[in-house]
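*Asks:* Give me the fold of what follows.
(chains A, B, C and D)
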Protein chains: 2
Amino acid sequence: MTPETNSAGKFLESYNPRDYPSTALTVDLVVFAVTGGVLNVALVRRGEHPFKDSLALPGGFVGPEESASQAAGRELAEETGLDLGRLPVHIEQLATYTSPDRDPRMRVVSVAHLALLASNGISLPKIAAGSDAAAAGWYGVHDILRGKELAFDHAAILGDGLARLAGKMEYTTVAARLLPEEFTLTQLRTVYDAVWETTLAAGNFTRKMMPQLNDTGRKTRGTTGGAPAALFTATDRHIHPPLKRFPTAPVQPRRP
Amino acid sequence: MTPETNSAGKFLESYNPRDYPSTALTVDLVVFAVTGGVLNVALVRRGEHPFKDSLALPGGFVGPEESASQAAGRELAEETGLDLGRLPVHIEQLATYTSPDRDPRMRVVSVAHLALLASNGISLPKIAAGSDAAAAGWYGVHDILRGKELAFDHAAILGDGLARLAGKMEYTTVAARLLPEEFTLTQLRTVYDAVWETTLAAGNFTRKMMPQLNDTGRKTRGTTGGAPAALFTATDRHIHPPLKRFPTAPVQPRRP
DNA sequence: AGAGTTGTTGTCAGATTGACGATAACTCTG
DNA sequence: CAGAGTTATCGTCAATCTGACAACAACTCT
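*Replies:* The predicted structure is shown next:
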């Protein structure tokens, strides 16, 4: 065993960049937003080989003076045109993909990030696709995953992103980051239904979620039919015990 | 906005390695094992500047034909001398640390991994520390975190590793990966107590954990005092709803 | 043989859950 | 403007789950 391999710190003393092929450090973005009860992901269509004309996650290079999370924020701002300084967009690191042959051209290490865009449920921000703007845009996540035709390993990254979001929604209020700052319980429940592909019971959802929300005291106005709904803001309190994604085995019918 | 920055794929067409300072890709390992009711982490003492004589996480360089997870497995085998092909060691990716100045010498991107070593609760494998073997070894995790004197950003990485383990123990059987393949409920509860720094009630723990375990039918023999305990193996079933890390508010005393 | 220790099972009251019904508050239609 | 249709919220019920703790069984040590 060579002593030099025992720690990253020690290794560097004998590290010679010329001994190793250069490595590109990139970020890929899994950007989610909900419209019309459907969870959507931002995808761009590739204009170059390999995977020309395939859909891919947006992303880009990490600059020499940037951290990966800074690069992710910058890329997101460039793609969506949103002012990240003002909008409270949720970004978190997802995982890093390092397989030596994940890009046929050279070694590309990609730090994938998950981003959640607030949406009123109707319109979504335009995606800028650079040289090939035509086909870039929003796609239904569950449809895309069932098709599995993304470039590189992006289908796996997208799957990991969905799993992360779906899992965190069990015990946190992240789902609220896909909505405006103030939202109704029905809007929030719609997000859960869209991500989990389920149908939660309204009454029980309210009971379980209320302790994690702050009531603004205000109510919706001018909705199409139905009573006005209370507007809430999210807290960072955890849901304990968590929400159940699928209802448990049905209770046996009561016998008189 | 330059079109080339819109996706990692597109960017590469215009990527020139010479434009960027070289980047070192490394793995750092958070290796956990339990002895004597305490959660321990494997640390090595640095023999070189920077952070000479400080404790650091073991780690090493990712080879040009390796993925990060392969490198993590290789490093772990080298450090512990364990045969990873035989032992079922649990390794998972934790997070990636990319701050440009996390190493003063050059840009070092580190993909941190979490590794769990099975232990009978008494002895731990020796840690090979290469050129400076003297002080490498096992340290109590909670003590180290309270002291916070690790090299680089390794205290943060260790904290993230502990948070990941503690969190996953709420709803999975990962804790069993810190024990031999067959274990008793008391051993498993000891792991929970060590990681969570709590004291779970034995009876209730049994009731909650049993559905996720397989009873081997065998029992312990020759223990020092007390009844023999049943030996179990873990399944990958999830605990639903999860275990509570801290007992809830005490129930009000019964009023007759 | 008895004392001490440990593992397992049982019990109980309080809390949580899923299903679902009742009511209130709005919009739309004619 | 009355009534029909919709929607949000609250209440109720039986089943299940939880924390606290007692009871018992099975071993070792003296």
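*Asks:* In the stretch 1-150 of chain A, which residue sits nearest DNA strand C?
*Replies:* A:I122 (15.7 Å; Cβ to the nearest atom of the strand). (Glycine included, C-beta is placed from N, CA and C.)
*Asks:* Excluding chain neighbours, what is closest to that residue?
*Replies:* A:T35 (6.4 Å; Cβ to Cβ, 6 or more residues apart in numbering or on different chains).
*Asks:* hang on, that neighbour packs against A:W138?
*Replies:* Yes. Counting by Cβ atoms under 8 Å, A:T35 does reach A:W138; the two are 7.4 Å apart.
*Asks:* quick one: which of these two has more around it?
*Replies:* Neighbours were counted for A:T35 and for A:W138 using other Cβ atoms under 10 Å in any protein chain shown; A:W138 has more, 21 against 16.
*Asks:* Now for the more buried one: which residues touch it?
*Replies:* A:33, A:35, A:40-43, A:124, A:127 (Cβ atoms under 8 Å, 6 or more residues apart in numbering or on different chains).
*Asks:* cutoff 7 Å now
*Replies:* Residues near A:W138 by Cβ atoms under 7 Å, 6 or more residues apart in numbering or on different chains: A:33, A:40, A:42, A:124.
*Asks:* So among those, which ones count as buried?
*Replies:* A:33, A:40, A:42, A:124 (16 or more other Cβ atoms under 10 Å in any protein chain shown).
*Asks:* circling back: and the two most separated of the contacts of A:W138?
*Replies:* Maximum pairwise distance among these (Cβ to Cβ): 8.5 Å, between A:A42 and A:L124.
*Asks:* Got the confidence number for the closest residue to DNA strand D within chain A?
*Replies:* Minimum separation of chain A from DNA strand D (Cβ to the nearest atom of the strand) falls at A:G226, amounting to 1.9 Å. Predicted confidence (pLDDT) at A:G226: the value is 88.
*Asks:* returning to what we had before: where strands are concerned, which of the contacts of A:W138 count?
*Replies:* A:33, A:40, A:42 (DSSP state E).
*Asks:* isn't the second one right up against A:D143?
*Replies:* Translated: A:N40. No. Counting by Cβ atoms under 7 Å, A:N40 does not reach A:D143; the two are 9.6 Å apart.
*Asks:* OK, contacts around A:L55?
*Replies:* So A:L55 contacts A:43, A:45, A:149-151 (Cβ under 7 Å, 6+ apart).
*Asks:* Can you flag the buried ones in these?
*Replies:* A:43, A:45, A:150-151.
*Asks:* The residue nearest the centre of chain A pairs with what?
*Replies:* Centroid-nearest residue in chain A, with Cα atoms, centre = their mean: A:L114, separated by 3.8 Å. Bridge pairing for A:L114 (DSSP bridges) gives the partners A:V30, A:E92.
*Asks:* what sits against it?
*Replies:* Counted by Cβ under 7 Å, 6+ apart, A:L114 has contacts A:30, A:92, A:94, A:161, A:164-165.
*Asks:* change it to 8 Å
*Replies:* A:30, A:32, A:90-94, A:161, A:164-165.
*Asks:* and the two most separated of those residues?
*Replies:* Maximum distance among the contacts of A:L114 (Cβ to Cβ): 15.0 Å, for A:F32 and A:Q93.
*Asks:* Out of these two, name the residue with the larger neighbour count.
*Replies:* A:F32 (26 against 18).
*Asks:* Wait, the more buried one touches A:L178, no?
*Replies:* Yes. Taking contacts as Cβ under 8 Å, A:F32 lies within contact range of A:L178: 6.7 Å.
*Asks:* overlap in contacts of the two?
*Replies:* Contacts common to A:F32 and A:L178, judged by Cβ under 8 Å, 6+ apart, are A:116-117.
*Asks:* Which residue does chain A have closest to DNA strand C?
*Replies:* For chain A, Cβ to the nearest atom of the strand, closest residue to DNA strand C: A:G203, 2.9 Å.
*Asks:* hmm, back to that, show me which of the contacts of A:W138 is closest to B:P64.
*Replies:* A:A42 (32.6 Å).
*Asks:* Mind putting the buried ones among the contacts of A:W138 into TSV with distance to DNA strand D and pLDDT?
*Replies:* Formatted as TSV, those follow (distance: Cβ to the nearest atom of the strand, whole Å; pLDDT from 0 to 100):
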residue	distance to DNA strand D	pLDDT
A:A33	20	96
A:N40	21	96
A:A42	27	95
A:L124	21	83
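*Asks:* What's the local residue count around the closest residue to A:G73 other than its chain neighbours?
*Replies:* The shortest distance from A:G73 to any non-neighbouring residue, by Cβ to Cβ, 6+ apart, is to A:L84 (5.6 Å). A:L84 has 14 neighbours, counted by other Cβ under 10 Å.
*Asks:* residues contacting A:L84?
*Replies:* Applying Cβ under 8 Å, 6+ apart, the residues contacting A:L84 are A:73, A:76-77.
*Asks:* between the residues you listed, which has the most around it?
*Replies:* A:L76 (24 neighbours).
*Asks:* mind checking how far A:L39 is from A:A155?
*Replies:* Using Cβ to Cβ, to the nearest Å, A:L39 is found at 16 Å from A:A155.
*Asks:* and if you look at A:P100?
*Replies:* 19 Å.
*Asks:* what's the answer for A:G81, then?
*Replies:* From A:G81 to A:A155 the distance is 26 Å (Cβ to Cβ).
*Asks:* Those two - which one has more neighbours?
*Replies:* A:A155 (17 against 12).
*Asks:* still on that earlier bit, are there residues contacting both of A:A42 and A:L124? Which ones?
*Replies:* Contacts common to A:A42 and A:L124, judged by Cβ under 8 Å, 6+ apart, are A:33, A:138.
*Asks:* Good, wrapping up.
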